[in-house]
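Visitor: structure of the sequence below:
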Amino acid sequence: MQNMEQARFNMIEQQIRPCDVLEIRILDLLKQVRREHFVPNDKKELAFVDMEIPLGQGVLMWPPKLEARALQELHLKYNDKVLEVGTGSGYLTALMSVLAGHVTSVEIVPELSAQARKNLEICRLDKITLEIGDAAQGWGQGAKYDVIVLTGSTPVLPTAFQNSLNIGGRLFAIVGDAPAMEARLITRVAPDIFETVNIMETSVAPLQNAQQPKRFVF
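Guide: All right, here's what the predicted structure looks like:
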């Protein structure tokens, strides 16, 4: 246990803080929600390492610093309605559920959704709805959200996500093709006005069935 707590402390001090994540409530949350409970059993020793962790089915868990940075940039509030595209292990779902009003998380791989449900139940977290389906190009048939997070990258960002934001809503998405991708925060400041801020360069696995650009064929 002592080694686990030391590894958690090292993660926060050596990975999270250097990535400009300094908000106290985020740092406290990373101590509160146990990341090791969301990592596959055969990869527990990697729980606090600065890397993507394979979850199976080609899905990878974000590195800790990306999870923390996304949380900080989204400025989650207690009444926010959140859509997460790609549940994965359920860890980011768990973190957001503590800060927000309700999280709807959609996973295309049923086995991953089932495991995420077990992980979340062990941690006794609520205010979460897990759904199974393909949300890579939108979700919810007109539903509106205060926060949307895509946990896989997308070469092209579908306009459906921006249109699903409430006024003041925030969208965190990683856009581009490997190895040059950009984590972006898009805020809907008025019905037809969106403000985009590039947060950081990164590279993560794409969403299944992500929207592709029109590519020239010679």
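
Visitor: I'd like the distance from stretch 141-156 to the chain centre, please.
Guide: How far stretch 141-156 lies from its chain's middle: 10 Å, per C-alpha atoms, centre = their mean, to the nearest Å.

Visitor: can you check stretch 57-75 too?
Guide: 5 Å.

Visitor: before we move on, what about stretch 199-213?
Guide: 12 Å.

Visitor: same check on stretch 37-56?
Guide: With C-alpha atoms, centre = their mean, you get 16 Å for stretch 37-56.

Visitor: try stretch 100-114
Guide: Counting by C-alpha atoms, centre = their mean, stretch 100-114 is centred 11 Å from the centre of its parent chain.

Visitor: what's the end-to-end length of that stretch?
Guide: Here the two ends of stretch 100-114 are set 22 Å apart, with distance taken as C-alpha to C-alpha, to the nearest Å.

Visitor: ok, and what's touching that stretch?
Guide: By C-beta atoms under 8 Å, 6 or more residues apart in numbering, the list of residues contacting stretch 100-114 from outside reads 55-57, 59, 76-90, 93, 96-97, 116, 127-136, 139-140, 145-147, 208-209. Quick note: C-beta positions are derived from backbone N, CA and C, even for glycine.

Visitor: just the buried members of the residues you listed?
Guide: Buried by 16 or more other C-beta atoms under 10 Å: 55, 59, 76, 80-90, 93, 96-97, 116, 128, 130, 135-136, 139, 145-147, out of the contacts of stretch 100-114.

Visitor: residues near Phe32, how many?
Guide: Slight slip there: residue 32 is Gln, not Phe. By other C-beta atoms under 10 Å, the residues close to Gln32 number 12.

Visitor: any idea how far Asp50 is from it?
Guide: Distance from Gln32 to Asp50, counting by C-beta to C-beta, to the nearest Å: 21 Å.

Visitor: now Asn163
Guide: Relative to Asp50, and taking C-beta to C-beta, Asn163 is found at 35 Å.

Visitor: do Gly152 as well
Guide: From Gly152 across to Asp50, the span is 19 Å (C-beta to C-beta).

Visitor: between these two, who's got more neighbours?
Guide: Taking other C-beta under 10 Å, Gly152 and Asp50 do not tie; Gly152 has more neighbours (22 against 14).

Visitor: I figured the more buried one hits Leu92, correct?
Guide: No - here Gly152 lies out of contact with Leu92, judged by C-beta atoms under 8 Å, at a distance of 11.7 Å.

Visitor: report the buried residues of the longest strand along the chain.
Guide: The single longest strand within the chain, with elements called by DSSP state E, is strand 165-177. Judged by neighbour count (16+ other C-beta under 10 Å), strand 165-177 contains these buried residues: 165, 169-176.
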